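Student: Any chance you could fold what I've pasted below:
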Amino acid sequence: KNLSKGTKEKVQLILVMSRHANLYLLDEPIGGVDPAARDYILNTIISNYEENATVIIATHLIADIEQVLDEVIFINQGKIALQSTVDDIREQEGKSVDSLFREVYKC
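Tutor: Prediction:
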């Protein structure tokens with residue numbers, strides 16, 4: 001039958017995280033879902049990835065995932081504009097990752 005976007009995202013994520021891979025590449029896993037579904041998706045990612053695995057999340061919703069990030073890469077026109085740890089950004093820039101992203105990509 002018809003599933004909501006949030007339910008589809010949850011099912012897809014459960015299938016991905018059950019693979020026990022060394023690398024997880026998640027493209028906009030929380031885009032277009034309600035806040036409760038976002039929390040569920042982030043908690044699923046945090047509690048189910050392999051300990052030595054790398055999780056790459058491509059998203060524009062930085063404020064929603066910032067608390068789970070260790071390192072960030074900003075890409076602009078296919079080139080790396082910034083690569084840093086979250087702690088270094090906060091210490092050196094005195095800003096959140098989301099604030100720095102908004103500054104770098106200001107229209």
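Student: so where's the protein uncertain?
Tutor: The chain contains residues with pLDDT under 70 at 1.
Student: Pull out the buried positions in stretch 26-42.
Tutor: 26, 29, 30, 33, 37, 38, 40, 41, 42 (16 or more other CB atoms under 10 Å). All C-beta spots, glycine's among them, are computed from the backbone N, C-alpha and C.
Student: For that stretch, measure first residue to last.
Tutor: Using CA to CA, to the nearest Å, one end of stretch 26-42 lies 11 Å from the other.
Student: what's the answer for stretch 18-30, then?
Tutor: Where stretch 18-30 begins and where it ends lie 18 Å apart, using CA to CA.
Student: Quick one: residues in contact with it.
Tutor: Stretch 18-30 has contacts (CB atoms under 8 Å, 6 or more residues apart in numbering) with 9, 13, 16-17, 37-38, 41-42, 45, 48-50, 52-61, 64-65.
Student: Buried ones among those?
Tutor: Judged by 16+ other CB under 10 Å, buried ones among those: 9, 13, 16-17, 37-38, 41-42, 45, 49, 55, 57, 61, 64-65.
Student: Who is residue 23 paired with across the strands?
Tutor: residue 54 (DSSP bridges).
Student: Counting neighbours, what do you get for it?
Tutor: Residues contacting residue 23 under the criterion other CB atoms under 10 Å number 10.
Student: What helix or strand is the residue nearest to residue 61 when sequence neighbours are not counted located in?
Tutor: Closest residue in space to residue 61, ignoring its immediate chain neighbours: residue 30 at 5.6 Å, by CB to CB, 6 or more residues apart in numbering. Using DSSP states H and E, residue 30 is not contained in any helix or strand.
Student: What separation do you get for residue 30 and residue 65?
Tutor: 7 Å (CB to CB, to the nearest Å).
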